[in-house]
Each structure stands twice: as structure tokens, then as C-alpha cells.
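Trainee: Have a look at this prediction, sequence included:
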Amino acid sequence: MPVLETDFLKGMIDPKDRLHQRCLRALRRLKTREWDVSSTAFLELDLILKGSGASHADRASIFVALRAEIPKDSILGLTHDGIGRAIDLQSKYGARIEKFYFDSLHVATAILLDGVIVSSDVSFDQIEEVERISI
């Protein structure tokens, strides 16, 4: 089952995001259990929001809204296997791909499932262990 990453969540919460409509279509696939979302995408989104100066209240309301839309059973948890695989990926691709830490966690989650990640990030095309589907 393909795995969505952080650009899906960012597109979901921002109607002005260029990916917003595509993310709404992706949400339908998530709700019908055709796709899943990486749990680390939520952490990365919160760090992005915090770094951009979003208030505690705004961050909390965003995650309450996401909780209402995204089925809990469609969220793939990070495991020790996933972290181990991410570390291997960081070693292999970290020097070539900028800001690869969270991406390595998303990719590792996808690899452990079926090797397919859904993303607008073309840097995933450099990773031979996964196939990227454009969101």
C-alpha cells in the first residue's frame, strides 16, 4: 500500500497550497484504505509549524482537524526496523539529498510496507529502493 508523507499533510491544511486539491483526492484514497500515511509526517509537520511561529493553539487545532479527517488505522507507526532502515538510507543517500532525515523515515516506512511512496518531492526518485507516485 503506498505511503503518503508530509507534503500530503501540508497540502491538506492549506487551501492555498498548490497541492491542496490533489491532497483532498489523496485523502479519499486514504479513507478507502488504498493508501496509508507515515506517522513521522505528523511530527515533521508539527516541527514545520512550530518553526514557522504557529502558536500552540493553532498547532493543536490543526491536529484536531487532521484527527477528524484521517482514520487512525491508516497511520503507519515508526518501528525499530524503520529507524534501522532509515539510518541505512541516511548513510547511502544523505550526502546527495538535502534535509534527508525525515524523508529517510518516510521512505523506510514505505520500504517496509511495499516500496511505494506518494510525494511531490522528486528527490525520492534518486532512491532506488522505492518507487515514487506523484501526489
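Mentor: In hand now; what should we look at?

Trainee: Identify the residue nearest residue 41 in space, chain neighbours excluded?
Mentor: residue 6 (4.4 Å; Cβ to Cβ, 6 or more residues apart in numbering). (Each C-beta comes from the backbone N, C-alpha and C, glycine too.)

Trainee: Which strand or helix spans residue 129?
Mentor: Secondary structure assignment for residue 129, by DSSP states H and E: no helix or strand.

Trainee: quick one: contacts for it?
Mentor: Neighbouring residues of residue 129 by Cβ atoms under 8 Å, 6 or more residues apart in numbering: 89, 107, 111, 115.

Trainee: Highest neighbour count among the residues you listed?
Mentor: residue 107 (29 neighbours; other Cβ atoms under 10 Å).

Trainee: Please tell me how far it sits from residue 45.
Mentor: Per Cβ to Cβ, to the nearest Å, residue 107 is found 17 Å from residue 45.

Trainee: Over to residue 12?
Mentor: Residue 12 is 9 Å from residue 45, by Cβ to Cβ.

Trainee: How about residue 99?
Mentor: 14 Å.

Trainee: These two: which is more packed in?
Mentor: The neighbour comparison of residue 99 against residue 45 (other Cβ under 10 Å) goes to residue 45, with 23 against 8.
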